[in-house]
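# predicted model follows, preceded by the sequence.
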Amino acid sequence: MRVLGIDAAWISREPSGVALIDRSPSGWRLVAAAASYEIYQGKGERSAASDLRARGSLVDAAQLLKVLHDLSGGRVDLVAFDMPLAMTPIATRRLADNAVSRAYGTRKCDTHTPNIERPGPIGEALQHSFEASGFELCTSEIRSQALIEVHPHPALVELARAGPYKLSKARAYWPALSPAARRQRDPRSF
């Protein structure tokens with residue numbers, strides 16, 4: 001199974017991170033990762049990625065999927081977006097946004113507030129581009145050729161059985177502790 005993860009920017013001038021992972025009998029492995037779609041779109045050679053600065057752009061799902069197929073030797077089975085997706089336009093916070101924020105806000109993993117402008121047309125364009133390439137938005141089950149919304153920060157907190165995920169903010173999490181005590185509290189911080 002190949003999963004394409006996209007940390008989608010909500011505005012066109014910011015880059016969207018892209019990572020492709022593959023599951024084999026021996027476990028998961030990273031196949032490819034880039035700081036923007038642009039690094040892949042129209043550039044099938046890995047060497048080109050190191051020469052580009054990450055810039056914002058809209059995705060051409062068909063082109064991105066083709067390049068990733070060529071890199072990995074197989075098709076992408078699942079696309080997971082870190083961005084609100086829905087069957088209808090998103091105008092305000094959703095029940096899911098509130099539930100995630102209630103459960104993970106104290107660990108600095110609450111959700112951004114979507115509205116008609118953000119992700120708005122960008123989110124709709126991303127969703128439509130992948131749907132045109134055969135990926136259907138799935139909201140209650142995961143299957144092959146699916147497009148899903150994910151919240152990776154809360155997932156990482158759970159998988160790692162960890163505290164706050166924003167490591168650069170250790171001082172904000174534990175202001176009364178010395179740097180040494182912060183490192184002892186959370187060795188991932190430094």
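Yes, it's here. Numbers count the residues shown, from 1 in each chain.
# which ones are touching Arg2?
Arg2 makes contact with Leu20, Ile21, Asp22, Arg23, Val31, Leu68, Ser72, Gly74, Arg75, Val76, Asp77, Leu78, according to Cβ atoms under 8 Å, 6 or more residues apart in numbering. The C-beta positions use only the backbone N, C-alpha and C, and glycine is treated the same way.
# centroid residue for the chain?
For the chain, the residue sitting closest to the mean C-alpha position, by Cα atoms, centre = their mean, is Asp7 at 2.9 Å.
# state the distance from the closest residue to that residue other than its chain neighbours to Ala35.
Distance criterion Cβ to Cβ, 6 or more residues apart in numbering; nearest residue to Asp7, sequence neighbours excluded, is Gly17 at 3.9 Å. Look at Gly17 and Ala35: by Cβ to Cβ, to the nearest Å, they are 6 Å apart.
# what's the distance between Gly5 and Val150?
7 Å.
# could you do Glu141 as well?
With Cβ to Cβ as the criterion, Glu141 and Val150 are 14 Å apart.
# more neighbours, those two?
Val150 (17 against 7; other Cβ atoms under 10 Å).
# need the residues that contact the helix or strand Tyr104 falls within.
Per DSSP states H and E: Tyr104 is located in helix 95-104. Outside helix 95-104, the residues that touch it by Cβ under 8 Å, 6+ apart are Pro84, Cys109, Asp110, Thr111, Thr113, Pro114, His151, His153, Pro154, Val157.
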